[in-house]
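> let's see this in three dimensions:
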Amino acid sequence: MASKRGIGESIAGDAIEGEHNGPAPPRPIKRRKIKSPEIGSLYDILHDHAGSSLYVPPFCWTDQHAALLGRFVQRPSQNTPSPSASSSPQRTPQPQTPPTKIRSIGGFLDKILATDCSHIHEGSAIQTLMAYLFPFRLDRTTSDLSMRCGGHQIVYAVRCQVMWKCARVLRSFASATASITSSSSTSLSYLDFNGPFDTPILAYISRSHLNYLRKNCFRISTCPDGSFNHVIHNLQQLRSRKLIPKNLDEDQYIIAIMIAMAQQHAYTSLVSARGYAPRDIRVAVMSVSREDASFIVYKAVVPAALLDLFHCLDKAPSGDPKITVEYQRVPIWPVLGLKERLGQALGKDIVGEVDPNCMETYEDPWVSESDNESLNKDARADPLPPKSSTSRTSSPSTPRATPAKRKALSEVFNTSFSEDRDSADFPSELAKRRCLEEGRVGVVQ
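Next up, the predicted model:
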């Protein structure tokens, strides 16, 4: 009881003493210093357009995003080289069956232009087509990229059908020798590429796939009874239509793809934002227009100032952060000249150097058109003999020589030891097999 009485007396004494000395001074309030963003920073752009929804994922970007981040510039269509009857020399009628490689390329192009083709098959077709046209140039990489916006990471912000990176090394010495001998005019300039080899440099996305992503990027919840919510579905469809750009060739999602690709080059680790080293980065995006059967190639140099704009949101970047995207159309048909037209549009930094004055014909250098006609006549005049008991005992693994190879080898053996190669009587058919004539028309759709 004494201890309790002493505590009460001490509390009362403190209260009486506080009344004589006045109220206790208030604690100092720590006020946070408001830092206004620098003029030209991303926060400043968002503040100037506070009434618009700008801080949204790239799927929900509109024409306003493209106007604030950069601009599109259209270039003339890449229509050359293209075979024409007036420029080609007079030749004998071409065979009805085109070369196998041209038929394969035509099949891939038909899949790309087909409206009922699935997005998976379309991506597989464009990947195989690029491997046919530019072998040992590009390697496929992941097609879903994340974006960095300040301290936040937007996971899978960009989704494409196919994305390529620069090829690191040649597959083998034999394949390199085959590629050099098949097209001697094409150099291996991609080995001098200065950028990292595991970062994307080229992407492909079609308009139909982009519309599919926009229509399905919004989640529609069901009604309380579990039925389909038609009202919300109609609202989301209306919202998806507003995301379609006025000019289909100048889609704002192309800019988002290029920024995401450039960030893969600028960061050592995009997840933790480590190793940030901004620089100007050249990237390209391909699309297809089914209305006029043409590829659309977008090229741009993503400036380091634009990467700084998304890296530090409250600081103004040094330099002009706007990106200039140049695009041009490349007609798909005819097949001959497509490699050269597309190579000129993409640039030698991506697919290497191409010779626009020498179109690749994809024909077998050992068999010419006259040989095909003569072989067909020989086959009709001299059918294969019936199978005998000796043919059954022969080894099935032994390859049988074709009539073209037998004719070529017999001509070589007959003329190598008995005739003079420098004389005027030397057979001209063997010389025809050794080189392809320039200006061959090939297959034109």
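> quick one: neighbours of Ile323, just the number.
The local packing count at Ile323 equals 21, with neighbours defined by other C-beta atoms under 10 Å. Bear in mind the C-beta positions are built from the backbone N, C-alpha and C, glycine included.
> pLDDT below threshold where in this protein?
1-22, 34, 84-96, 168-198, 364-445 (pLDDT under 70).
> can I get stretch 134-152 as CSV, trimmed to CA atoms?
What follows is stretch 134-152, C-alpha atoms only, in CSV (Å, rounded to 0.1, in the frame of the first residue of the first chain):
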residue,chain,number,x,y,z
PHE,A,134,18.7,-16.4,-95.1
PRO,A,135,20.3,-19.6,-93.8
PHE,A,136,22.8,-19.4,-90.9
ARG,A,137,21.8,-15.7,-90.2
LEU,A,138,19.2,-15.8,-87.5
ASP,A,139,18.4,-18.0,-84.5
ARG,A,140,15.0,-18.1,-82.8
THR,A,141,14.7,-16.8,-79.3
THR,A,142,11.8,-16.3,-76.8
SER,A,143,8.9,-14.3,-78.2
ASP,A,144,7.5,-13.0,-74.9
LEU,A,145,9.4,-10.1,-73.5
SER,A,146,9.0,-8.1,-70.3
MET,A,147,9.3,-4.3,-70.0
ARG,A,148,10.9,-2.1,-67.4
CYS,A,149,9.2,1.1,-66.2
GLY,A,150,11.1,2.7,-63.4
GLY,A,151,11.2,0.3,-60.4
HIS,A,152,8.4,-1.9,-61.8
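> got the buried residues for that stretch?
Phe134, Pro135, Phe136, Arg137, Leu138, Thr141, Ser143, Leu145, Met147, Arg148, Cys149 (16 or more other C-beta atoms under 10 Å).
> just these now: which is nearest Ser227?
Proximity of the buried residues of stretch 134-152 to Ser227, judged by C-beta to C-beta, is greatest for Ser143, which lies at 35.6 Å.
> give me every residue that touches the closest one.
Under the criterion of C-beta atoms under 8 Å, 6 or more residues apart in numbering, the contact list for Ser143 reads Gly123, Arg159, Cys160, Gln161, Val162, Met163, Ala203.
> now the fifth one: phi and psi?
Read that as Val162. phi -140, psi 150 (degrees, to the nearest 10).
> again, but for the third one
The phi and psi values for Cys160, taken as degrees, to the nearest 10, are phi -120, psi 170.
> what count of nearby residues applies to it?
Other residues within reach of Cys160, judged by other C-beta under 10 Å, total 25.
> got the contact list for it?
Taking C-beta under 8 Å, 6+ apart as the contact definition, Cys160 lies against Ser143, Asp144, Leu145, Ala203, Tyr204, Ile205, Ile257.
> checking the third one next. Helix, strand or coil?
Following DSSP: H, G, I helix; E, B strand; the rest coil, Leu145 is assigned to strand.
> in a helix, Val288, correct?
No. Looking at Val288 with three-state DSSP, it is strand, so not inside a helix.
> quick check: closest non-adjacent residue to it.
Ser206 (5.1 Å; C-beta to C-beta, 6 or more residues apart in numbering).
> where do the strands sit along the stretch 151-300 of the chain?
Listed from the start of the chain, the stretch 151-300 of the chain has strands (DSSP state E, counting those that start in this stretch) covering 152-159, 162-166, 200-204, 281-289, 294-302.
> out of the ones you listed, which is closest to Pro57?
With C-beta to C-beta, the closest approach to Pro57 among the strands of the stretch 151-300 of the chain belongs to strand 152-159: 5.8 Å.
> go through that closest one and flag the buried ones.
Burial within strand 152-159, assessed by neighbour count using 16+ other C-beta under 10 Å, is assigned to Ile154, Ala157, Val158, Arg159.
> re the thing from before, and which of the contacts of Cys160 is nearest to His65?
Ile257 (12.7 Å).
> count of neighbours near the closest one?
Neighbour count of Ile257, defined by other C-beta under 10 Å: 26.
> hmm, Leu202 and it touching each other?
No. Contact between Ile257 and Leu202 fails when scored by C-beta atoms under 8 Å: they sit 10.5 Å apart.
> which neighbours do these two have in common?
Taking C-beta under 8 Å, 6+ apart as the contact criterion, the residues that touch both Ile257 and Leu202 are Val285.
> and stretch 342-358, how far apart are its ends?
Stretch 342-358 has an end-to-end distance of 14 Å (C-alpha to C-alpha, to the nearest Å).
> do stretch 154-165 as well
When the end residues of stretch 154-165 are compared by C-alpha to C-alpha, they are separated by 22 Å.
> by neighbour count, which of the contacts of Ser143 wins?
Each of those was scored by neighbours using other C-beta under 10 Å; the highest score is Met163's, at 27 neighbours.
> gap between that one and Glu360?
26 Å (C-beta to C-beta, to the nearest Å).
> cool, and Val297?
Relative to Glu360, Val297 is positioned 19 Å away (C-beta to C-beta).
> more neighbours, the two?
A direct count of neighbours by other C-beta under 10 Å for Val297 and Glu360 places Val297 higher, at 24 against 21.
> now that one. Nearest residue, chain neighbours left out?
Of all residues not flanking Val297 in the chain, Ala345 sits nearest, at 4.2 Å (C-beta to C-beta, 6+ apart).
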